[in-house]
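Q: requesting a structural model of the entry that follows:
(chains A, B, C and D)
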4 protein chains.
Amino acid sequence: MRGYVLKDAGHAEWTEVPAPTPGPYDAIVRPTAVAVCTTDVHLIATAGFPAAVGKAIGHEAVGIVESVGALVKDFAPGDRVIIPAGGTDWRHPNAQRGEGKYVQTNNAYFSEDPTVAGVFADLVRAIDVDMTMTPIPDGITDLQALMVPDMVATAFTAVQRMEIDFGDTVAVLGLGPVGLMGVAGAALRGASQVIGVDSRQTAALARQYGATHIVNHEEGDTREQVLAATGGRPVDSVMIASGGSASDVFTTALRVVKKGGHVANVSVFLDQESVTLPLDVWGHGSIERFFTGVFVQEGREFYTRLLRLIQFGRLDPTPLVSHKLKGWDQLDTAIGIMRDRVDNVIKPVVIP
Amino acid sequence: MRGYVLKDAGHAEWTEVPAPTPGPYDAIVRPTAVAVCTTDVHLIATAGFPAAVGKAIGHEAVGIVESVGALVKDFAPGDRVIIPAGGTDWRHPNAQRGEGKYVQTNNAYFSEDPTVAGVFADLVRAIDVDMTMTPIPDGITDLQALMVPDMVATAFTAVQRMEIDFGDTVAVLGLGPVGLMGVAGAALRGASQVIGVDSRQTAALARQYGATHIVNHEEGDTREQVLAATGGRPVDSVMIASGGSASDVFTTALRVVKKGGHVANVSVFLDQESVTLPLDVWGHGSIERFFTGVFVQEGREFYTRLLRLIQFGRLDPTPLVSHKLKGWDQLDTAIGIMRDRVDNVIKPVVIP
Amino acid sequence: MRGYVLKDAGHAEWTEVPAPTPGPYDAIVRPTAVAVCTTDVHLIATAGFPAAVGKAIGHEAVGIVESVGALVKDFAPGDRVIIPAGGTDWRHPNAQRGEGKYVQTNNAYFSEDPTVAGVFADLVRAIDVDMTMTPIPDGITDLQALMVPDMVATAFTAVQRMEIDFGDTVAVLGLGPVGLMGVAGAALRGASQVIGVDSRQTAALARQYGATHIVNHEEGDTREQVLAATGGRPVDSVMIASGGSASDVFTTALRVVKKGGHVANVSVFLDQESVTLPLDVWGHGSIERFFTGVFVQEGREFYTRLLRLIQFGRLDPTPLVSHKLKGWDQLDTAIGIMRDRVDNVIKPVVIP
Amino acid sequence: MRGYVLKDAGHAEWTEVPAPTPGPYDAIVRPTAVAVCTTDVHLIATAGFPAAVGKAIGHEAVGIVESVGALVKDFAPGDRVIIPAGGTDWRHPNAQRGEGKYVQTNNAYFSEDPTVAGVFADLVRAIDVDMTMTPIPDGITDLQALMVPDMVATAFTAVQRMEIDFGDTVAVLGLGPVGLMGVAGAALRGASQVIGVDSRQTAALARQYGATHIVNHEEGDTREQVLAATGGRPVDSVMIASGGSASDVFTTALRVVKKGGHVANVSVFLDQESVTLPLDVWGHGSIERFFTGVFVQEGREFYTRLLRLIQFGRLDPTPLVSHKLKGWDQLDTAIGIMRDRVDNVIKPVVIP
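A: Next up, the predicted model:
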């Protein structure tokens, strides 16, 4: 079989690789749709995760089960599933406190095990599948399900960190795919006013997902524009989902959020070593503004609930798919679209 | 001026009463729309709150400020407002822990002070208005705002007690006005499947507010029908908003909710002294199922956030108003409609 | 090897049984200390859990690992451990939401698998041990560790349900071993006044664990005595850990707790089918008082934290061991002591 | 009467000032014990709060009520009380959501009203006393109560932000008076291992309050020493209560806390404009570590619960008082002791 293997920085290509074999709790899955993530683009450019070199990469996929290990209870060949996107170790005691996700034993990009590889391949080994793999109910499309394990899950984890209450006012900085799902998630938690901040062409889609205002940060000071939208009141919480300078965007977030409000960041600033923040946003130490990065919640239980939101009509992530290409040989093109931000790309998808 | 005064059990009528005068933190408000609640119907029938006898009754109203006390900061004559529905004492230290609502010093039905009276009157004294009265933004109708202080606020308080997470499955027992708002509130907190249980004609409205299934408890066992809708999985949480036997309805709720799930009751069973529940729902003591009655959250801060949900298009309670009558002389009719459940009544409103 | 096997209602005895063999994630452990629980006494009397008939019973034990399965990571022969007390299925997706404990696949009393048996035996099979078995640090005695998986864990789970804040006032109904740990747990969460309610001889021990008042319910009305201790203020939360009539004790708890307060029950009323409660404690539906049974939290992660409380001197459960007998042939005696409540028994222990 | 008035930067002195008169909800209180805070020292040095210039300063005091306004319900002359330390506006709707403390209308250092002044004076006006002033129960000394409104309250608010669960491991950076109370508060919330980090002479006192380890950051890398104490495991939460470079101390805190752990800062870095933090502690954006400054919770309800901890023997802050001076003329000396960190000062107190 073939996999799209990371060779070294700036270089990944289709290569013959050994077919995986399942452990007793594993399954082998054939991808039927994969998505390209900015993380993959960064990884190819930098080879920044050393353990990923020499492996097939990619982490967002749905597929059809080919075979299952002897001790698998809930899956059989032919099942349509979300392939696990991350590598939470559900067999670590930390999982008993909700901290299993911080132990990424089974993550293709971190594991030294060469058989723990990515989804850009003819066949993928999914590990501990009764805990990690998610059946896709009838009536949900591959494209919908494909957006769940990273785009929806990341955004909705961030929304949980924002501790939104009924009628809250929320700002979402950056309206890429995760930011758009942040808008949708905030609306689904009962926010009233949701202010999207971006200069991209996704404003209309953001409104469709529940944004009530759009602020273009290139047309003026973000804080002033946000306060103009709220009648001068800082927002209750902020999601950060935009690139650029971490110092700038964290500062903006901390300046538009109320005292006691929550800021959750989902952007990854791999090219920056440190962040400089003004101390007055924390009253030089004595004022509460809650800040954190966000680690996406994984697992079949969470993904199943997210799928139910699609199943019962609360959410449709289909419009995130801006580019749909057919055939593994289009993967290079799809990665290029994401890397070069071609044609107002949101999310490119490849159907093998 | 005139007020609709409770004389004794079974007897209330329009009566000349002294016009109220505001204390330094109070306002005098002229109602522009009032709603009739089942609580009022019960009160008239039973005179069950002794302190209410001899006073104007009624507790759901919006109006126009006539005058304000000397120390009021945020209101002026002519303001359009929600008149406080309950009587939370915001000047009691318990309010500092979120328990001010349990101290109902300013509640017309409990206070011995004759000037603390109901809203079925030409003029109403609102107490401590900077904390209790809520400005109605432009673009929100009187009818919308009128549904906020009891119908929406009660239901949404219950929804908070249900601790809904993304994708949860919810059952709402009873689809009267509070139950309907419970459906809407569950959807707004991110529930996926919302199952309404009732035999009333409100099914279509329930679907409009986000119910995905309707179960008619007269057509079979409620538990079996709910489990049929969910694929056999108990629901994550239940709101009880239906009448009848408390023992029956509490038991049903505890039997359809999962282990570890939450049941919040908003129905009032004034005619029943006790409730008998099966112990097996709690594993004879060793199983978690969380149960509580619900005390509606009050106050300008909460009502303001609920109004913002209307303002930004997340919620429209207008369809709750099933009957709209003009003139104080129609109040008797409105009360009769509610009492006798005329014409699929949900909520009768009178425009003085 | 021999096991103490439940034959039928009223009859358990030492019997030759096959030695267990470990699955790949299991271990075989030799008990070095076991405790007798009222649950075991009830089980012998009634054979109430049909799956337990024909098996060795018992569920509280510490021991020494004899052998481990091929895939066990963290244990080796010779390790001193807490043997898992319950049967949480950590390989069920519900565990990802903190609800694994409701899926008791591996519980000796519920499982149909004859090799999933109790701890009153020469050797015990512990299942999925990296998740369920807990290493005992040096400096913690067998007796201390033996109290953790049921007595401390059950009480401390209940304390978490009571949502204690700094300075709260707490009542604990019943001062048996779990109630005593409830007193200790409430003090460790920052309660100020802790009122123990019992007529037993454990008052002195309760004070040692942090009770500030003792109320003897045989010397007067419990509610009046509790309110006398608090200056008339209902308590913030209540743990129920006493026997008798569930209706009586639940009613007492709901009558001494404040509006908005929490009641958590750990007592098991296997001999009672239903409970009758006054509706006025819930304002006939409209007042918040939070009630639940308690399902003990299990797992290596939680037990490890509880052991750390002992290790760092915050808690010493040793005084719970009121009777210490040597030799498996004393197990019948130990069970009799618990059954007949001999000599102010708290907890009888057998050292095989 | 006389007050200790801030003249300008570096200059405060006893001055004749007008005696305050109470509003209808106020009281006039005669201080019987006051404490000097580093905030006061900074204020004198910098005159950094312009509104405080020309007023008596000081904010930690207990006293005897001299007179009360006409509408005060719960206080009378002669009552022994904690004088409110901050200036929470309990008449602002934000208080209904627990955010009243962010509206410091009544804070002597921020209010433009000259009658809203500090506690270093013969008489003090306390505002809205039924909500802000706290009766001191018999059996609690003035010195104990004096430590409550800032030292204990600040530390315990931070402990709440740290979301400690049973058996957690905690680090407290800085063992001044707030840090010491942080140690005590962590132990009172059920922490097991509590590691104090400081080079001061307060190690013995920290151990008395519940520290299990002391790390001297001058004797090696703090992170290495903390991990040596924990067996290599990052701590569950951190309180920052030490001075120096905010960048250094925040970085240290974020480096010793686990993924998903909480860091709460109570130190005030008025002399620093910004803070620079490494991005890797947040995985360049994708890892959760929760950070916030801390705004002390105020109000009679919270202080009353803290006093109950003293009343029922859970906490004794008396040892924080390192210097006790008699007579207002010793105030200058007390301030000098705090400013110059004389004689291992923790907290200097003056008894007028």
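Q: could I get the buried residue list for the helix or strand bottoming out on mean pLDDT in chain A?
A: Lowest on mean pLDDT, DSSP states H and E among the helices and strands of chain A sits helix A:38-46, with a mean of 93. Neighbour counts over helix A:38-46 (16 or more other Cβ atoms under 10 Å in any protein chain shown) mark A:38-44 as buried. (C-beta placed from N, C-alpha, C; glycine too.)
Q: just stretch A:309-328 next, same as before
A: By 16+ other Cβ under 10 Å, the buried positions in stretch A:309-328 come out as A:309-312, A:314-317, A:319-323, A:325, A:328.
Q: so which of the residues you listed are in strands?
A: Counting by DSSP state E, these place A:321-323, A:325 in strands.
Q: switch those over to TSV; also include distance to D:Thr276 and pLDDT.
A: Listed next are these as TSV, based on distance: Cβ to Cβ, whole Å; pLDDT from 0 to 100:
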residue	distance to D:Thr276	pLDDT
A:Val321	40	98
A:Ser322	37	97
A:His323	39	97
A:Leu325	43	98
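Q: show me which of the buried residues of helix A:38-46 is closest to chain B.
A: Of all these, A:Thr39 has the smallest distance to chain B: 22.9 Å, by Cβ to the nearest Cβ.
Q: ok, the closest one touching A:Val268?
A: Yes: assessed by Cβ atoms under 8 Å, A:Thr39 is found in contact with A:Val268 at 6.9 Å.
Q: excluding its backbone neighbours, what's nearest whatever residue of the stretch 51-200 of chain A ends up closest to chain B?
A: Relative to chain B, the nearest point of the stretch 51-200 of chain A is A:Gly167 (2.7 Å; Cβ to the nearest Cβ). Computed as Cβ to Cβ, 6 or more residues apart in numbering or on different chains, the closest residue to A:Gly167 that is not its neighbour in sequence is B:Arg305, at 2.7 Å.
Q: what's the burial count for that neighbour?
A: The tally of other residues near B:Arg305 (other Cβ atoms under 10 Å in any protein chain shown) stands at 22.
Q: per-domain residue ranges of chain A.
A: Chain A breaks down by automatic domain parsing into domains covering A:2-147+A:317-351, A:152-293.
Q: most tightly packed of those domains?
A: Mean neighbour count (mean count of other Cβ atoms under 10 Å in any protein chain shown) peaks for domain A:152-293 among the domains of chain A, with a mean of 22.
Q: pull the distance from that one to the chain's centre.
A: In this view, domain A:152-293 has its centroid 16 Å away from the chain centroid, taken as Cα atoms, centre = their mean, to the nearest Å.
Q: how long is that domain end to end?
A: End-to-end distance of domain A:152-293 (Cα to Cα, to the nearest Å): 16 Å.
Q: hang on, the earlier thing: quick check: phi and psi at the residue of the stretch 51-200 of chain A closest to chain B.
A: phi 80, psi 0 (degrees, to the nearest 10).
Q: part of a helix, is A:Pro22?
A: No: remark: A:Pro22 does not belong to a helix; assigned using DSSP: H, G, I helix; E, B strand; the rest coil, it is coil.
Q: grab the nearest non-local neighbour of it.
A: A:Pro22's closest residue in space is A:Gly69 (Cβ to Cβ, 6+ apart), at 4.3 Å.
Q: phi and psi next, for that neighbour.
A: Main-chain dihedrals, A:Gly69, degrees, to the nearest 10: phi -70, psi 170.
Q: now do the same contact list for it.
A: Contact analysis of A:Gly69 by Cβ atoms under 8 Å, 6 or more residues apart in numbering or on different chains lists A:22-27, A:129.
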